[in-house]
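Engineer: the sequence isn't on hand, but the structure is:
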């Protein structure tokens, strides 16, 4: 059906131009009939104004409806031909690891593949990550036939607008929802509100109103890192005995430390996916970058103080989280809760997400990925309501319920 539509479009274009052979080679003439929105975006792009042809990204093998399968779908490496520095930054950052990180999760392939390779769930955002040549071919042969690129996740094809990618809304599609509601936190924070007022013209363009890119892409750097990383865990561990013990418990729940505190193979995955800072130098480097950004509007003392408050909130959240993990771990140890064979350590596996088999394990998963995330992410995004009511308060409720469920199991089993 697609080939027939393309053939009709080309025939119409040839009739308009009165030059059949020339029209067959004219991408725009065919596609503005078949895909007018795509062509409209391309015509408005800097690429078009510079005279860059479609073949620069899509190759020269596709000329007619009969060879549409020969079209090339560009990857980040294609973009690197002209944008080498930015692609190098991107490849050094966490976004480039998004596809690998998704596929490394223990239960990713227990989900419907439409959510993964079909891009209707995790894959819809994690497609920003770099893929192997085999993965690209498999995706192109599947039902979707899209999602093979990376740069176009922010610079929407075929406009590829830097101006669009600099707006906070460019981050909204992925950075929202269950475990990473950064958009909700930011847009309702003072930072986000002022930016909205600037876009509406209520505030003048020159006033301070940081965007996501202001803080996380300094000078346009495409690495996009944070000091604490996505999961709010780090190495080396704290020197404070209580926090250190709580951090160890959480890392054991994440499966990166075994019962003796020795790193497991999963730590290699965490390192490869770049979701945590694993050295003091790496943490300090990102923290100092953020302080430097904050100093553009605030005093250094204020900036360090606010970031320090976020650190303390992680510490407080870790205490609640560690107790909950230990409660469930004790149920495994005492034989009151069956530990799934797929769990790599004697601890509840927090990375099983919604595939956790019992109510109490499900509650633990929600406590970690939904409410603990909101507790510390809300703090760093300057949103007090998220930190308290959507985060800390919910963690307290989770812990109360986990205590109650554990007590019921022990009572019902005479223990």
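Structural biologist: Noted; the coordinates are in hand. Bear in mind the structure is a predicted one, so any value in this text is a computation, not a measurement. Numbers count the residues shown, from 1 in each chain.

Engineer: wouldn't residue 70 be in contact with residue 55 here?
Structural biologist: No: taking contacts as CB atoms under 8 Å, residue 70 lies outside contact range of residue 55: 11.6 Å. Every C-beta, even on glycine, is put in place using the N, C-alpha and C of the backbone.

Engineer: in stretch 101-120, which residues are buried?
Structural biologist: With burial defined by 16 or more other CB atoms under 10 Å, the residues of stretch 101-120 counted as buried are 101, 102, 103, 104, 105, 106, 108, 111, 116, 117, 118, 119.

Engineer: list just the nearest of those residues to residue 353.
Structural biologist: residue 105 (7.2 Å; CB to CB).

Engineer: could you find the closest non-adjacent residue to that closest one?
Structural biologist: Spatial nearest neighbour of residue 105, excluding adjacent residues (CB to CB, 6 or more residues apart in numbering): residue 351 at 5.8 Å.

Engineer: quick check, that neighbour in contact with residue 106.
Structural biologist: Yes: using CB under 8 Å, residue 351 is in contact with residue 106, at 5.3 Å.

Engineer: low pLDDT regions in the protein?
Structural biologist: Residue ranges of the chain with pLDDT under 70: 1-25, 143-147, 415.

Engineer: and the next helix or strand past the biggest helix by length in it?
Structural biologist: The longest helix of the chain (DSSP state H) is helix 300-333. Sequence order places helix 359-366 as the next helix or strand after helix 300-333, per DSSP states H and E.

Engineer: residues touching the residue nearest to residue 105, list them.
Structural biologist: 105, 106, 107, 254, 255 (CB atoms under 8 Å, 6 or more residues apart in numbering).

Engineer: again, only using 10 Å
Structural biologist: Counting by CB atoms under 10 Å, 6 or more residues apart in numbering, residue 351 makes contact with 104-108, 231, 253-256, 266, 269, 343-344, 365, 368-369.

Engineer: list the helices and strands the longest helix of the chain packs on?
Structural biologist: helix 241-253, helix 280-294, helix 359-366, helix 373-380, helix 393-412 (3 or more CB pairs under 10 Å, 6 or more residues apart in numbering; DSSP states H and E).

Engineer: which one, of those, ends up nearest to residue 219?
Structural biologist: Between the helices and strands packed on helix 300-333, helix 280-294 lies closest to residue 219; by CB to CB that is 10.1 Å.

Engineer: what angle separates that closest one from helix 373-380?
Structural biologist: 50 degrees (axes from the mean of the first three to the mean of the last three CA atoms, to 10 degrees).

Engineer: buried stuff in helix 280-294?
Structural biologist: For helix 280-294, by 16+ other CB under 10 Å, it's 282, 283, 286, 287, 289, 290, 291, 293, 294.

Engineer: that older thread, next one: the residue nearest to residue 105 from residue 198, what distance?
Structural biologist: 39 Å (CB to CB, to the nearest Å).

Engineer: with residue 83 instead?
Structural biologist: Taking CB to CB, one finds residue 83 at 28 Å from residue 198.

Engineer: likewise for residue 129?
Structural biologist: 32 Å.

Engineer: which of the two has more neighbours?
Structural biologist: With neighbours defined as other CB atoms under 10 Å, residue 129 and residue 198 compare such that residue 129 has more, 22 against 17.

Engineer: so how many other residues sit close to residue 310?
Structural biologist: Residues near residue 310, counting by other CB under 10 Å: 21.

Engineer: hang on, the earlier thing: list just the nearest of the buried residues of stretch 101-120 to residue 219.
Structural biologist: Of these, the one sitting nearest to residue 219 (CB to CB) turns out to be residue 101, at 25.7 Å.

Engineer: test my guess that residue 325 contacts residue 250.
Structural biologist: Yes: counting by CB atoms under 10 Å, residue 325 touches residue 250, with 6.7 Å between them.

Engineer: shared neighbours, the two?
Structural biologist: 347, 350, 368.

Engineer: part of a helix, is the last one?
Structural biologist: Meaning residue 368. Yes: counting by DSSP: H, G, I helix; E, B strand; the rest coil, residue 368 is located in a helix.

Engineer: contacts for whichever strand or helix holds residue 164, please.
Structural biologist: Using DSSP H and E, residue 164 sits within helix 162-165. Residues from elsewhere that reach helix 162-165 (CB under 10 Å, 6+ apart): 46, 86, 151-156, 170-171, 213, 217, 220, 222.

Engineer: run the chain-centre distance for it.
Structural biologist: In terms of CA atoms, centre = their mean, to the nearest Å, the centre of helix 162-165 is set 19 Å apart from its chain centre.

Engineer: quick check: what element follows it along the chain?
Structural biologist: Once helix 162-165 ends, the next helix or strand along the chain (criterion: DSSP H and E) is helix 169-172.

Engineer: for residue 53, grab the count of nearby residues.
Structural biologist: There are 12 residues near residue 53, going by other CB under 10 Å.
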